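# Need coordinates for the following:
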Amino acid sequence: TWSDEACDGAPKGYSVDEARQLAKQVNDDGEYFFNDWRVPSVRELATITEPKCSAPRIDLAVFPDTPPDFFWSRNARAGDKSSGTGYALSFGPEGVGFPPQRESHYVRLVRQAP
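Sure, this is the predicted structure:
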């Protein structure tokens with residue numbers, strides 16, 4: 001929950017389907033001022049990693065309290081659609097992973113820059 005210019009509470013995990021549903025719900029509710037929120041691509045997630053940082057590999061001044069764990073991307077694993085795996089990016093030491101899309105991991109919604 002956003003409270004006084006910071007997030008409050010513990011991060012919650014989602015399956016890929018739940019993450020997509022979350023984006024739809026956020027857009028339908030209009031609570032976060034825009035209606036074009038979505039699950040990012042793995043490339044988009046990679047743009048916010050910070051190579052000089054570790055565990056988590058992200059600038060905590062910009063993204064405070066980010067856990068060093070996997071965050072879902074919208075990408076299914078290419079050539080492996082039958083197994084139901086997807087791309088997730090860890091802000092810990094793992095980098096890119098291919099967990100089953102039914103597993104619970106974090107999600108960071110994004111929107112198109114103006």
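
# could you give me the average pLDDT of the lengthiest strand in the chain?
Longest strand of the chain, by residue count under DSSP state E: strand 70-76. Mean pLDDT, computed over strand 70-76, is 92.

# All the strands of this structure, residue numbers only.
So, for the chain - with DSSP E - the strands run 2-3, 6-7, 70-76, 86-90, 96-97.

# before we move on, back to that, touching the longest strand of the chain from outside, list them.
Residues from elsewhere that reach strand 70-76, judged by Cβ atoms under 8 Å, 6 or more residues apart in numbering: 14, 16, 19-20, 38-42, 44-45, 85-91, 94, 97, 99, 101, 105-108. Bear in mind the C-beta positions are built from the backbone N, C-alpha and C, glycine included.

# of those residues, buried ones?
With burial judged by 16 or more other Cβ atoms under 10 Å, the buried subset of the contacts of strand 70-76 is 14, 16, 19-20, 38-40, 42, 44-45, 85-91, 99, 101, 105-108.

# and the strands of the chain as TSV, adding distance to Val62?
TSV is the format used below for these (distance: least, Cβ to Cβ, whole Å):
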stretch	distance to Val62
strand 2-3	15
strand 6-7	12
strand 70-76	15
strand 86-90	16
strand 96-97	21
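
# Out of those, the one nearest Thr49 is which?
Taking Cβ to Cβ, strand 86-90 is the member of these nearest to Thr49, at 7.4 Å.
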